[in-house]
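coordinates only, sequence not included:
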């Protein structure tokens, strides 16, 4: 298959939404399936904010994955946007992956399962991080979840190690509707480079700062252009809510923002495949997480 129009008659294609509470491994799983780091990953919950789309195309099928923010009780307009964007993908998907860690379901997990059940979509229960638990604990856990919903498939995986991920993909293909591919076979996402670059920078803010700063920050790409001798120049702004946060992100004599820039540049170059010159600035926009105009400008609606 070299062109979309040449897909075989029995080809399958569809959308899969990854649903779950914060920090259950949705981004790690999508990156593992697609084979590239499209979603940023940090140990902190609620790292993913928007919807990241990843595409895997095989000889038999094309799967478009929606990596979504963890479902949580929002404390501001940004949180409301994150949760609503995630739930919108549940409604649009052909299949839902309901992810959980290998532990007894929390009340929030039970509530989310009930919400997914009401949609009436084919739903896979993905029990992630099974490499961290004893195998004999899985059967009672599966039994507990099957009292909550009649799942299409139940698949224990380790997204980090890759355990059972190939089997998960095979089961997913079986469940997809017959359809020609939606995208050319050689792309892994339909999102623009600027989106990925902003996310790689924000990832390093998450990894290098603590307390409220990761959640109070956003990244805007102000300028991006090719350089005459190859590569690209990128100028970006890290947005925070307070002057005190700006001082921390800058660091003593600019040490923190320099480290964020160095670490982000390494990720950007690995993803883009060419050298970049990255220049970062820090700006204060007070209470941007509750400002509808600021949220719209930053890509949230």
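Perfect, thanks for sending it. All values reported here derive from a predicted model rather than from experimental measurement. Numbers count the residues shown, from 1 in each chain.

could you use CA atoms for every contact and neighbour count after this?
OK.

which residue ranges of the stretch 201-301 of the chain form helices?
With helices called from DSSP state H, counting those that start in this stretch, the stretch 201-301 of the chain shows them at 213-216, 243-250, 255-272, 292-297.

closest one to residue 226 among these?
helix 255-272 (12.5 Å; Cα to Cα).

give me the angle between the closest one and helix 243-250.
Helix 255-272 and helix 243-250 meet at an angle of 60 degrees, taking axes from the mean of the first three to the mean of the last three Cα atoms, to 10 degrees as the criterion.

so which of the helices of the stretch 201-301 of the chain gets nearest residue 10?
Per Cα to Cα, nearest to residue 10 of these: helix 255-272, 33.4 Å.

for the closest one, packing partners?
helix 193-208, helix 243-250, strand 276-284 (3 or more Cα pairs under 8 Å, 6 or more residues apart in numbering; DSSP states H and E).

who touches it?
Residues outside helix 255-272 that contact it (Cα atoms under 8 Å, 6 or more residues apart in numbering) are 37, 197, 200-201, 203-205, 208, 248-251, 275-280.

between helix 193-208 and that helix, find me the angle.
Using the same axes, to 10 degrees: helix 255-272 against helix 193-208 is 140 degrees.

how far does helix 255-272 sit from its chain's centre?
On the basis of Cα atoms, centre = their mean, to the nearest Å, helix 255-272 sits 19 Å off its chain's mean C-alpha point.

show me the protein divided up by domain.
4-175, 193-297 (automatic domain parsing).

tabulate those domains (CSV), appending mean neighbour count.
Shown next, in CSV, are the domains of the chain (neighbours: other Cα atoms under 10 Å):
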stretch, mean neighbour count
domain 4-175, 18
domain 193-297, 17
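
surely residue 123 meets residue 149?
No: at 9.2 Å, residue 123 does not count as touching residue 149 under the criterion of Cα atoms under 8 Å.

just to revisit the earlier point, kindly reformat the helices and strands packed on helix 255-272 as a markdown table containing mean pLDDT and distance to residue 293.
A markdown table is the format used below for the helices and strands packed on helix 255-272 (pLDDT from 0 to 100; distance: least, Cα to Cα, whole Å):
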| stretch | mean pLDDT | distance to residue 293 |
| --- | --- | --- |
| helix 193-208 | 95 | 19 |
| helix 243-250 | 97 | 21 |
| strand 276-284 | 97 | 15 |
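
quick one: closest of the ones you listed to residue 31.
So among the helices and strands packed on helix 255-272, helix 193-208 is nearest, using Cα to Cα, at 13.2 Å.

could you check the angle strand 276-284 makes with the closest one?
Using the same axes, to 10 degrees, helix 193-208 lies at 70 degrees relative to strand 276-284.

list the helices and strands helix 193-208 packs on?
helix 213-216, strand 218-226, helix 255-272.

give me the sheet partners of the second one and which way each runs.
In its sheet, strand 218-226 lies beside strand 232-240 (antiparallel), with partners assigned from DSSP bridges.

need the contact partners of the partner strand.
Contacts for strand 232-240 (Cα under 8 Å, 6+ apart): 198, 202, 213, 216-227, 246, 274-286.

run the chain-centre distance for that strand.
Distance, stretch centre to chain centre, for strand 232-240: 21 Å (Cα atoms, centre = their mean).

what about that strand, average pLDDT?
Mean per-residue pLDDT for strand 232-240: 97.

so which of the helices and strands packed on helix 255-272 gets nearest residue 138?
Residue 138 lies closest, by Cα to Cα, to one member of these: helix 193-208, at 31.8 Å.

now the closest one, how far from the chain's geometric center?
Distance of helix 193-208 from its chain centroid, counting by Cα atoms, centre = their mean, is 12 Å.

ok, stretch 19-34 next?
So, by Cα atoms, centre = their mean, the centroid of stretch 19-34 is 7 Å from its chain's centroid.

just stretch 289-301 next, same as before
That offset, for stretch 289-301, works out to 19 Å (Cα atoms, centre = their mean).

which other residues reach that stretch?
Contacts for stretch 289-301 (Cα under 8 Å, 6+ apart): 50, 76, 77, 78, 81, 82, 216, 218, 220, 288.

what's the closest non-adjacent residue to the second one?
Leaving out its chain neighbours, the residue that sits closest to residue 76 by Cα to Cα, 6 or more residues apart in numbering is residue 290, at 5.8 Å.
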